[in-house]
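Asker: 3D, please:
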Amino acid sequence: MRAGVYRFLDCELDLPQRQLRRAGGVVQVEPLILDLLAFLVVERDRVVSRQEILAAVWKGHPVGSSAVNACMSRARRAIGDRRGRSGAIRTFSGVGYRLIAEVQAGASGGGARAPLLGREVELARLDAIRDAVRAGSGRTVLIAAAAGIGKTRLARQLADDCEASGFEVLWGHCDAMPDLPFFWPWTQILQAAARTRSTSALAALARGCEDELARVSPSLRERLRAGVSPDASLTDESRLRVFEATTTCLLRAAAQRPLALVIDDLQWSDPASILLLCSLQRAIAGARVLLVGLLCTRSLPERAATAGVAALLHHPDVVALHLDPLPGPQIERLLRAECPSLTPAIVDTIAALAGGNPQVAVELGRATQGAAAAASVALVAPDDLPIPDRLATAALTELAALSADSRSLVEAAAIFARPFSIGALAHLTGRLPADACAAVEEAVERGVLVASAAATTFAFRSDLTRECTRRALNPLRRQRLLSAARAPARGAR
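Answerer: Numbers count the residues shown, from 1 in each chain. Sure, this is the predicted structure:
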């Protein structure tokens, strides 16, 4: 039994890990959706109004009613609620919403934190940084990696170690949802700091900064007795005052107790939040503050904040940790720990498909283990490994960025189990080598395919993408391609 874990339908909402799992696999959802689901689960015994949702999820920031509608739709999709089938989240017209599905609190079905393997070097470096911060030397760390590689897991281990060392740990999460207020992650950080303090203690931290802090976190306006209205405009001058006030408040907190601030998904941050991050980074040199930012490197959006994040990554006073995929033996160790009933052959196959991504490996392992148990068999054939819909959708989305002509040729290339040449692809598809070359070049530029050192052969960057693409082929087309692949092809490798 573990506090903060709730099971309903085929879902498991893990609040300590800020994770939603469904049918054994992790569901990738925005932090805002997790906050909404958490609020509905905790308040499941009653109907909650839109105003209550806005206060709890948007922290008092003024947003339109369409934002609630959009988030509610995403939350329903995340848990598989189709409104009229499971009816898990019911709308009470003119009143609000309620989660009516049966909820089991406290029990975790396999939701225990996975062992952290293969990050001993990074943990040792973070331990040294934590000790330096505790001694009064503030540090900023950026952890960058592709989705699922383990940056959040590493940060949670660091947060656990910091709490064990007497730190106060505060989290903020950026979000890809449109039209979020400025300073969104800092709103969450200030809210978290306020929750653990009495009104008098909060007033001492905010002394002289009440109005500016209320701009960052409007829900604190009443506790701080601030005079600023929630919708007050933010000028360049007032923005600088906000930077100074937030920095002052957090430095006061660090003077009482070492402070670790963790901001997840920096790639989705608004420009104002990045500027505040940079301002704080310059101010913590002699303070007991550890500032940690997490960045997904394969989903950098084209927005103004991205330039600020890139500048931080290359700042001489910022420690940048770039996490590589885990080596095969570490993935195999993880699978044996998480899914002990899998056979060695299946473990090898999953490790190859995962491509060093621990999250993908565990999802594939749990899905395979569950399928084997449901069928009462000890082995699932490697070619029939179940791939969760979330993973398949994410893998196939990579091809969506390609032009139609390039996508068609790349789909055909999924037939090749080994690296292929331009000539082999042209023979397979009956296209001119120049067409095949143009398609492959585009796919390499988009990161779908990778080239050998001499650029004579090519392969899918991800074995999982190749396998999902192969399975998605129309059966008749797949059969035609297999027949063509068996015929001798000049240049095939």
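Asker: these two touch, right, Leu464 and Glu398?
Answerer: No - judged on C-beta atoms under 8 Å, Leu464 makes no contact with Glu398 at a distance of 10.0 Å. Using the backbone N, CA and C atoms, a C-beta is placed for each residue, glycine as well.
Asker: and those two? which has more neighbours close in?
Answerer: Leu464 (24 against 21; other C-beta atoms under 10 Å).
Asker: my guess is that one is in a strand, correct?
Answerer: No - applying DSSP: H, G, I helix; E, B strand; the rest coil, one finds Leu464 to be helix, outside a strand.
Asker: hmm, Arg90 is touching Tyr97, no?
Answerer: Yes - between Arg90 and Tyr97 there is a contact at 6.9 Å, judged by C-beta under 8 Å.
Asker: of the two, who's got more company?
Answerer: Shown here are Arg90 and Tyr97; by other C-beta under 10 Å, Tyr97 has more neighbours (22 against 14).
Asker: packing partners for the helix or strand containing that one?
Answerer: In the assignment (DSSP states H and E), Tyr97 maps to strand 96-99. With contacts taken as 3 or more C-beta pairs under 8 Å, 6 or more residues apart in numbering; DSSP states H and E, strand 96-99 sits against helix 31-42, helix 50-57, strand 89-92.
Asker: nearest to Ala361, of the ones you listed?
Answerer: Ala361 sits nearest to helix 31-42 of all the helices and strands packed on strand 96-99, at 22.8 Å, using C-beta to C-beta.
Asker: how distant is the closest one from the center of its chain?
Answerer: In terms of C-alpha atoms, centre = their mean, to the nearest Å, the centre of helix 31-42 is found 16 Å from the chain centre.
Asker: and Glu24, what's its pLDDT?
Answerer: Actually, residue 24 is Gly. It isn't Glu. pLDDT for Gly24: 64.
Asker: low pLDDT regions in this protein?
Answerer: 1-3, 23-24, 60, 65, 82-86, 106-115, 226-234, 298-307, 372-382, 488-493 (pLDDT under 70).
Asker: so the nearest residue to Phe92 once chain neighbours are set aside versus Ile89, what's the distance?
Answerer: In space, and not counting its chain neighbours, Phe92 is closest to Val47: 5.1 Å by C-beta to C-beta, 6 or more residues apart in numbering. Separation of Val47 from Ile89 (C-beta to C-beta, to the nearest Å): 11 Å.
Asker: more neighbours: the two, which one.
Answerer: A direct count of neighbours by other C-beta under 10 Å for Val47 and Ile89 places Ile89 higher, at 20 against 15.
Asker: doesn't Ala75 make contact with that one?
Answerer: Yes - using C-beta under 8 Å, Ile89 is in contact with Ala75, at 6.7 Å.
Asker: now do the shared contacts for the two.
Answerer: Common neighbours of Ile89 and Ala75, using C-beta atoms under 8 Å, 6 or more residues apart in numbering, are 40, 81.
Asker: now tell me what touches the strand holding Tyr97 from outside.
Answerer: 8, 40-41, 43-44, 46-50, 52-53, 72, 88-92.
Asker: same question for stretch 69-85.
Answerer: So stretch 69-85 is contacted by 8-11, 20, 22, 27, 29-30, 32-33, 36-37, 40, 57, 86-89, 91, 97, 177 (C-beta under 8 Å, 6+ apart).
Asker: quick one, which of these are buried?
Answerer: 8, 11, 20, 22, 27, 29-30, 32-33, 36-37, 40, 57, 86, 88-89, 97, 177 (16 or more other C-beta atoms under 10 Å).
Asker: hmm, back to that, which phi and psi does the residue nearest to Phe92 have?
Answerer: The phi and psi values for Val47, taken as degrees, to the nearest 10, are phi -80, psi 130.
Asker: ranges for the helices of the stretch 301-450 of the chain?
Answerer: Using DSSP state H, counting those that start in this stretch, the helices assigned to the stretch 301-450 of the chain run over residues 304-313, 328-338, 344-354, 358-374, 389-400, 404-413, 422-429, 433-445.
Asker: export those to JSON lines and tack on distance to Thr140?
Answerer: Formatted as JSON lines, these follow (distance: least, C-beta to C-beta, whole Å):
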{"stretch": "helix 304-313", "distance to Thr140": "8"}
{"stretch": "helix 328-338", "distance to Thr140": "28"}
{"stretch": "helix 344-354", "distance to Thr140": "31"}
{"stretch": "helix 358-374", "distance to Thr140": "26"}
{"stretch": "helix 389-400", "distance to Thr140": "30"}
{"stretch": "helix 404-413", "distance to Thr140": "40"}
{"stretch": "helix 422-429", "distance to Thr140": "46"}
{"stretch": "helix 433-445", "distance to Thr140": "33"}
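Asker: Ala260 is nearest to which of those?
Answerer: helix 304-313 (17.3 Å).
Asker: how would you label Val63: helix, strand or coil?
Answerer: Under three-state DSSP, Val63 falls in the coil class.
Asker: quick one: contacts for it?
Answerer: If a contact means C-beta under 8 Å, 6+ apart, then Val63 has 54, 179-181 as its contacts.
Asker: check Leu259 too.
Answerer: By C-beta under 8 Å, 6+ apart, the neighbours of Leu259 are 167-168, 170, 250, 253, 288-290.
Asker: change it to 10 Å
Answerer: Counting by C-beta atoms under 10 Å, 6 or more residues apart in numbering, Leu259 makes contact with 133, 138, 162, 167-170, 189, 193, 250-253, 284, 287-291.
Asker: in helices, which of those fall?
Answerer: Those of these mapping onto helices are 133, 162, 189, 193, 250-253, per DSSP state H.
Asker: and the two most separated of those residues?
Answerer: Greatest spacing in the ones in helices among the contacts of Leu259, by C-beta to C-beta: Cys162 and Arg252 (18.7 Å).
Asker: give me the buried positions along stretch 48-64.
Answerer: 48, 50, 53-61, 63.
Asker: do I have it right that the residue nearest to Phe92 meets Arg90?
Answerer: Yes - Val47 is within contact range of Arg90, at 8.5 Å (criterion: C-beta atoms under 10 Å).
Asker: can you list residues touching both of the two?
Answerer: Common neighbours of Val47 and Arg90 (C-beta under 10 Å, 6+ apart) are 96-100.
Asker: and which of these is nearest Leu154?
Answerer: Distance to Leu154, by C-beta to C-beta, is smallest for Leu99 among these, at 32.1 Å.
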